[in-house]
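**Q** need a 3D model of the sequence below.
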Amino acid sequence: FMFSLSSQAQSINYGLSLGANFAKISGVGIQNTYNAGWFIGGFARIPLQNKWNIQPGLVYNYINSNSNSEFINAYNVNGNPNASNQIKLSYLSLLVLVGYKISKLFTVDAGPRYSFLLYDNENLIIANKAGAFKDSDLGVEGGVQLNLANIRFFASYVVGVTNTNDIDARYKWYSRQALL
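**A** All right, here's what the predicted structure looks like:
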């Protein structure tokens, strides 16, 4: 499980979060399996009315993936025949989650996540082209939180809703992440 340590300033909680992510990128030429990565970030939990709150956050994500044997056939004009199949991506994600406290121990959260590509370590396409992935990704996140004093455990899932393929428009790639 991902966990966070928090402290309180007046009625706003804030803290650091870290954990594992299991991400996949689905689409032609990409291996459709979850691969382990990690994340670290910070958040603020701002109470609204009754059991509602809003939680903005900023998170650095490191994601691993792999291309598959379809890649060079699908992208034969732009594809690099000598490419490594490893894909390593780093994103800075801004998220704004709305939470509802269903009990003293549990909160459910949902909201948008906008990710900026910071680092793209792959050589899937020929050298005179930019990277294979777009510079940003928009997703929807939902999850549950276990609240224990100043330690919180999170489990959430992010569904990418934008095509991250920056090679051409023929095939679409979408990200998925399980954050623990």
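**Q** where are the low-confidence patches of the protein?
**A** 1-10, 77-78, 126-130 (pLDDT under 70).
**Q** do you have the strands of it handy? List them.
**A** 2-9, 12-26, 35-47, 52-66, 86-101, 106-121, 136-148, 151-160, 174-179 (DSSP state E).
**Q** which residues touch G41?
**A** Each residue near G41 by Cβ atoms under 8 Å, 6 or more residues apart in numbering is listed here: 16-18, 57-60, 93. The way it works is simple: take the backbone N, C-alpha and C, and place the C-beta from them, glycine included.
**Q** contacting residues for the closest residue to T33 other than its chain neighbours?
**A** Of all residues beyond its chain neighbours, the one nearest T33 is K24 (5.9 Å), with distances taken as Cβ to Cβ, 6 or more residues apart in numbering. Shown in contact with K24 (Cβ under 8 Å, 6+ apart): 31-35, 65, 175-176.
**Q** tally up the residues packed near the residue lying closest to S11 once chain neighbours are set aside, please.
**A** Leaving aside its chain neighbours, S11 sits nearest to P47 (5.4 Å; criterion: Cβ to Cβ, 6+ apart). Using other Cβ atoms under 10 Å as the criterion, P47 is surrounded by 15 other residues.
**Q** is P47 in a bridge, and if so with what?
**A** P47 has these beta-bridge partners by DSSP bridges: N53.
**Q** with Q86 instead?
**A** Checking Q86 by DSSP bridges, which sets the bridge assignment, gives partners N66.
**Q** quick check: it vs N35, distance?
**A** Using Cβ to Cβ, to the nearest Å, one obtains 10 Å as the distance from Q86 to N35.
**Q** more neighbours: which of the two?
**A** N35 (17 against 14).
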